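Predicted model and sequence follow; I will ask about them next.
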Amino acid sequence: MQKILDELKTTPGVLGSAVYTNKHGILATNLPEIFKADIQKRVASILHRIFKLNETVKLDVNSFEIQYDEALLLIRKLCNTSSLIILCEPDAKVHLINMSVSMLATDLLELIEDCEQAPALPEKTPAKQPPADLESVLTGPLADKFSVMKRALAKHIGPVANKALKTSVKQWLEQGEPSVTRLAQLAEIMRMEIDNPASQSGFLDELKGVI
Amino acid sequence: MSTLQELKNLTDSLTGIQKLVIVARDGTVLLNDGELSKTLGDYVAYAAVMVEQLKPYLGFTGPYHLIMEQTSGDRILTLLGEQVIVGVDINANVSPAIILEQMSPIVDQITI
């Protein structure tokens, strides 16, 4: 199943996807790591609920898309108990992606039946609350620095950089007080959001002279 | 500032729209046009509420609209304005992008 999702990810505009079932939660995923397992399960559960309303309102909705500034979410009903959630770039070519999904959906469905006995992905323990207030830190004296760091990160991971910054700052605050002298530590945390090692180095290079 | 009637007039001028429903944020149907529009109103209001529940998890700006595709190929567009939620049922052979382009600016400005 993971291979199918990885194949789907090669479609232009696709940032990642996940398969959700009512029974097992997230069965497979290659969504950006910024979306933790418990978040993915919660989001997918809410999205799948929209299909459940079909019978009540006598409609037969089998897919839908949601437009945000930073991304486009595509949700395809695989069966009554499972959905495929695809995270795309905001201006992704939906027709192209739908073609790829149509070709892969049958294979996915067969694997979901096979996976009925398989355990879901382990859920990670939610992070502890940060000691300092995240929003006030983000909008505080370091806001300009954060903005520069977010732009540098966005060059490598795209529209999820905003979310990645927040998660990284949250983690950073758990390790100490927010200060200019600790920005290098924050950059190290943010670096881990980038999959490609060469891009990780590029990200740190771009921040030289800034932090 | 736009009115519900302006939006209704616009949808009347667009081809391919089979049903129109305008719902307040509290779920009250403000205007419906077409068979079973009440059902459509309930559906788009529910979907909008569900999708807005995702905000704290995703951290994205929006959402601005949903496009739902039915097995028949017909689509339901849901536009999320500040004060209202608008649902339109459109034919399979009509581009949702064109409808969205025309309707979105008015939906954003509707006050009730």
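It's in. Residues are numbered from 1 along each chain as shown, chains lettered A, B, ... in the order given.

would B:Val23 count as being in a helix?
No - going by DSSP: H, G, I helix; E, B strand; the rest coil, the assignment for B:Val23 is strand, not a helix.

residues of the helix or strand bottoming out on mean pLDDT in chain A that come out buried?
Lowest mean confidence among the helices and strands of chain A (mean pLDDT, DSSP states H and E): helix A:54-57, at a mean of 79. Buried residues in helix A:54-57, counted by 16 or more other CB atoms under 10 Å in any protein chain shown: A:54, A:57. For the C-beta atoms, the positions are set from N, CA and C on the backbone; glycine is no exception.

That helix - contacts with which helices or strands?
helix B:37-52 (3 or more CB pairs under 8 Å, 6 or more residues apart in numbering or on different chains; DSSP states H and E).

is the helix it packs on anywhere near chain A?
Yes - counting by CB under 8 Å from any CB of the partner chain, chain A has neighbours in helix B:37-52: B:39-40, B:42-43, B:46-47, B:50-51.

Would you mind putting those residues into JSON lines with neighbour count and pLDDT alongside?
JSON lines is the format used below for the residues of helix B:37-52 next to chain A (neighbours: other CB atoms under 10 Å in any protein chain shown; pLDDT from 0 to 100):
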{"residue": "B:Thr39", "neighbour count": "16", "pLDDT": "79"}
{"residue": "B:Leu40", "neighbour count": "25", "pLDDT": "85"}
{"residue": "B:Asp42", "neighbour count": "18", "pLDDT": "84"}
{"residue": "B:Tyr43", "neighbour count": "26", "pLDDT": "87"}
{"residue": "B:Tyr46", "neighbour count": "18", "pLDDT": "87"}
{"residue": "B:Ala47", "neighbour count": "24", "pLDDT": "90"}
{"residue": "B:Met50", "neighbour count": "16", "pLDDT": "87"}
{"residue": "B:Val51", "neighbour count": "23", "pLDDT": "90"}
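
Nearest to A:Asp205, out of those residues: which one, please.
Nearest to A:Asp205 out of these is B:Val51 (CB to CB; 38.9 Å).

before we move on, the earlier item: widest-spaced pair of the residues of helix B:37-52 next to chain A?
B:Thr39 and B:Val51 (18.7 Å).

Following the least confident helix or strand of chain A in sequence, what is the next regular element?
strand A:61-67 (DSSP states H and E).

Report the mean per-residue pLDDT for that next one.
Averaged over strand A:61-67, pLDDT sits at 94.

B:Leu20 and B:Ile90 touch, don't they?
No - at 10.0 Å, B:Leu20 does not count as touching B:Ile90 under the criterion of CB atoms under 8 Å.

Quick one: name the residues of chain B near chain A.
B:36, B:39-40, B:42-43, B:46-47, B:50-51, B:53-54, B:57-72, B:76.

For residue 88, give me the pLDDT.
Defaulting to chain A. A:Cys88 is given a pLDDT of 95.

let's do chain B instead
Reported pLDDT for B:Val88: 93.
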